[in-house]
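Student: Sharing a model prediction with you, sequence too.
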Amino acid sequence: MSKKNKKKSYWLEVWKRLRRNKMAMFGLFIIIVLFITAIFADFIAPYPYDKQDLINMFQTPSKDHLFGTDEFGRDIFSRVVYGSRISLEVGFIAVGISLIFGGVIGAVAGFYGGRIENFLMRIMDILLAIPQILLAIAIVAALGPSIANLMIAVGISSIPGYARIVRASVLTIREQEFIEAAKAAGSSDFRIIFKHILPNSMAPIIVQATIGVAIAILTAAGLSFIGLGIAPPTPEWGSMLSGGRSYIRDFPHMTLYPGLAIMVTIFALNLLGDGLRDALDPKLRN
């Protein structure tokens, strides 16, 4: 069997094991629904997210407003729907930033070892010593609140975790025979790292990235909640929670539905992450 066919059969086997995990498939189904909601938000949302109707402020859930209205008469259902775009965009782009930079740092540190590894990993240890949310707050406070800065802040604060995971994977692979064969064939270090080592380190990276999206969405919501995220009137679940907390006693629906959106999204991503971890675990292979 060729190398390409082996890789194809491996991922097919992973998919079969994942498909047998009902909870993971349930999580995947929710994520697909969220993506469809985000893509077709213009058609799903009954009102523009910034349309104000001061006559209908603080409306409770009804036929006209499924999730009620907020302090400006804006439809909360429409804002939750549009907010899925922001949350998914921030989550996946932030993870992409941390995965690219953390992956390169971890791969270089694990492959070369010695002083390069010590230098790079000590920097990562310093960043790990700072709580992720505090590091993200510091970055956003320095750059200013915006969606781009929010993604940069969440992405940078997550780099150390990916660097350590990739480094650990590289350390277990770099001494294997096919790496020695690639070196003997005259392959460059760049080719060995990106053509041979990283593709064979994908299992733990994929699991971490899936759970990392959940952490990124939660971190972004937390930053928006304290006013360091996306500026109004752009709908973001964390800022919607922040806007509704002043009215939570009298109008709990203003915080209930954005909170449920965050909870369901994080829950689905964690279910999928756990399922991927089990499906990719070599100890569970038949």
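Tutor: Yep, that arrived.

Student: Return the alpha-carbon coordinates of stretch 104-122 using PDB.
Tutor: The C-alpha coordinates for stretch 104-122 follow below in PDB (Å, rounded to 0.1, in the frame of the first residue of the first chain):
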ATOM      1  CA  VAL A 104       6.600  26.800  14.200                       C
ATOM      2  CA  ILE A 105       8.200  27.600  17.500                       C
ATOM      3  CA  GLY A 106       7.500  24.200  18.900                       C
ATOM      4  CA  ALA A 107       8.700  22.400  15.800                       C
ATOM      5  CA  VAL A 108      12.000  24.400  15.600                       C
ATOM      6  CA  ALA A 109      12.600  23.900  19.300                       C
ATOM      7  CA  GLY A 110      11.900  20.200  19.200                       C
ATOM      8  CA  PHE A 111      13.900  19.600  16.000                       C
ATOM      9  CA  TYR A 112      17.100  21.500  16.900                       C
ATOM     10  CA  GLY A 113      17.200  21.100  20.600                       C
ATOM     11  CA  GLY A 114      20.100  22.600  22.600                       C
ATOM     12  CA  ARG A 115      20.400  26.300  23.000                       C
ATOM     13  CA  ILE A 116      17.700  27.100  20.500                       C
ATOM     14  CA  GLU A 117      15.200  24.900  22.400                       C
ATOM     15  CA  ASN A 118      16.200  26.400  25.700                       C
ATOM     16  CA  PHE A 119      15.800  30.000  24.400                       C
ATOM     17  CA  LEU A 120      12.500  29.500  22.700                       C
ATOM     18  CA  MET A 121      10.900  27.400  25.500                       C
ATOM     19  CA  ARG A 122      12.000  29.700  28.300                       C
END
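
Student: start at 10 instead
Tutor: Happy to do that; since the first residue is 10 now, the last one works out to stretch 113-131.

Student: phi, psi of the residue nearest to Pro70 when sequence neighbours are not counted?
Tutor: Sequence neighbours aside, Gly77 is the residue nearest to Pro70 in space, at 4.7 Å (criterion: Cβ to Cβ, 6 or more residues apart in numbering). Backbone N, C-alpha and C define where each C-beta goes, glycine included. Dihedral pair for Gly77: phi 80, psi -170, per degrees, to the nearest 10.

Student: Does Gly77 touch Ile85 like I think?
Tutor: Yes: the criterion here is Cβ atoms under 8 Å, and Gly77 meets it with Ile85 at 5.4 Å.

Student: Overlap in contacts, those two.
Tutor: His262, Met263, Tyr266 (Cβ atoms under 8 Å, 6 or more residues apart in numbering).

Student: Out of the residues you listed, flag the one nearest to Ile102.
Tutor: Tyr266 (24.6 Å; Cβ to Cβ).

Student: Out of the shared contacts of Gly77 and Ile85, list just those in helices.
Tutor: Under the assignment DSSP state H, the shared contacts of Gly77 and Ile85 contribute His262, Met263, Tyr266 to helices.

Student: Count the neighbours of the last one for me.
Tutor: Same thing as Tyr266. 23 (other Cβ atoms under 10 Å).

Student: got the shared contacts of Gly77 and Ile85 as TSV, with pLDDT columns?
Tutor: Supplementary listing: the shared contacts of Gly77 and Ile85 in TSV, determined by pLDDT from 0 to 100:
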residue	pLDDT
His262	90
Met263	91
Tyr266	93
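
Student: quick check, nearest of those residues to Met160?
Tutor: Tyr266 (24.2 Å).

Student: isn't the closest one right up against Ile85?
Tutor: Yes: the criterion here is Cβ under 8 Å, and Tyr266 meets it with Ile85 at 5.7 Å.

Student: Give me the common contacts of the two.
Tutor: Phe76, Gly77.
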